[in-house]
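> coordinates only, sequence not included:
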Ligand SMILES: NC(=O)c1ccc[n+]([C@@H]2O[C@H](COP(=O)([O-])OP(=O)(O)OC[C@H]3O[C@@H](n4cnc5c(N)ncnc54)[C@H](OP(=O)(O)O)[C@@H]3O)[C@@H](O)[C@H]2O)c1
């Protein structure tokens, strides 16, 4: 056991190196981003905004900058008012330097087809969105989102299979996967053993009972080991980066 001492400030370049995806990927590498209060809440008044900070937002934006695709559940996309990822000068120059497309597409997961084809997520976007759904989703809705510009992927019978989802993203050359949640989708990724890196911000807040935690749904068969890869702190917020432990499956 040892005490973590405050170290030097981390600039944008060092941050980028710290959070870089592994080089020469041959399979999808899944990073998951979450912010939680010190007592484990994933929301304040139903949104994640009340838990975040400038430093957390920076790490969150970096997740988008370094990814081939942003993966999100429909619940989060709807509640948080998602639209296509915006081009900023920093994002465009960083991504050009790294040989990435101008902005990553968003891949949204919905079993019931709850994403409105007219929503900004589908229509207000530079990169065509990917809508991942299952065979039980209404056929008319599938046609409508495809007509509105989405790349529709059917990955599962009555529920989206996250493994098949990653296969479909890999088929499109999208291996650097940044999942922004939410808790239901994260539970499926954990249960399937498909999380390679967790970027978890712990906010210095006690929010009390009532809010969900960062996973919601079916329990995983067994806990998956993680190793602590980096710790950043800013104004009492902890930005923790965990990697899948070497003895926990692939990698
Ligand atoms: N603290 C944080 O960092 C953070 C991050 C993200 C979200 N959140 C919060 O979490 C809340 C949303 O939670 P949530 O659990 O609803 O989020 P979610 O996982 O984003 O969305 C759940 C919905 O996504 C679809 N979905 C996810 N996995 C699926 C699968 N395997 N198969 C089929 N459909 C699947 C379903 O949509 P259909 O119903 O359309 O089938 C499901 O109802 C919001 O309050 C948001 O603010 C917090």
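Arrived safely. Here the structure is a predicted model, which means the values were calculated and not measured.
> for the rest of this, base every contact and every neighbour count on C-alpha atoms.
Fine.
> which SS class is residue 33?
Secondary structure, DSSP: H, G, I helix; E, B strand; the rest coil: residue 33 is strand.
> the nearest residue to it once chain neighbours are set aside pairs with what?
Closest residue in space to residue 33, ignoring its immediate chain neighbours: residue 199 at 4.8 Å, by CA to CA, 6 or more residues apart in numbering. Following DSSP bridges, residue 199 is listed with bridge partners residue 33, residue 241.
> ok, now the one 4 residues further on?
With DSSP bridges applied, the residues forming beta bridges to residue 203 are residue 37.
> tell me how many other residues crowd it.
Number of residues near residue 203 (other CA atoms under 10 Å) recorded here: 23.
> which residues touch the residue nearest to residue 33?
By CA atoms under 8 Å, 6 or more residues apart in numbering, the contact list for residue 199 reads 31, 32, 33, 34, 239, 240, 241, 242.
> so how far is residue 176 from it?
Noted for residue 199: a distance of 14 Å to residue 176, by CA to CA, to the nearest Å.
> ditto for residue 121
20 Å.
> try residue 117
26 Å.
> of these two, who's got more company?
residue 176 (25 against 20).
> contacting residues around that one?
Contacts of residue 176 (CA under 8 Å, 6+ apart): 21, 28, 29, 30, 31, 66, 67, 68, 69.
> how about the residues of the stretch 1-150 of the chain near the ligand?
Residues of the stretch 1-150 of the chain lying close to the ligand (CA under 6 Å from any ligand atom) are 34-36, 42-43, 46-48, 72-76, 79-80, 109-114.
> same deal with the stretch 151-251 of the chain?
Checking the stretch 151-251 of the chain against the ligand by CA under 6 Å from any ligand atom, the hits are 159, 160, 161, 180, 181, 182, 183, 184, 185, 188, 216.
> mind redoing it with 8 Å?
Residues of the stretch 151-251 of the chain lying close to the ligand by CA under 8 Å from any ligand atom are 158-162, 180-188, 200, 212-216.
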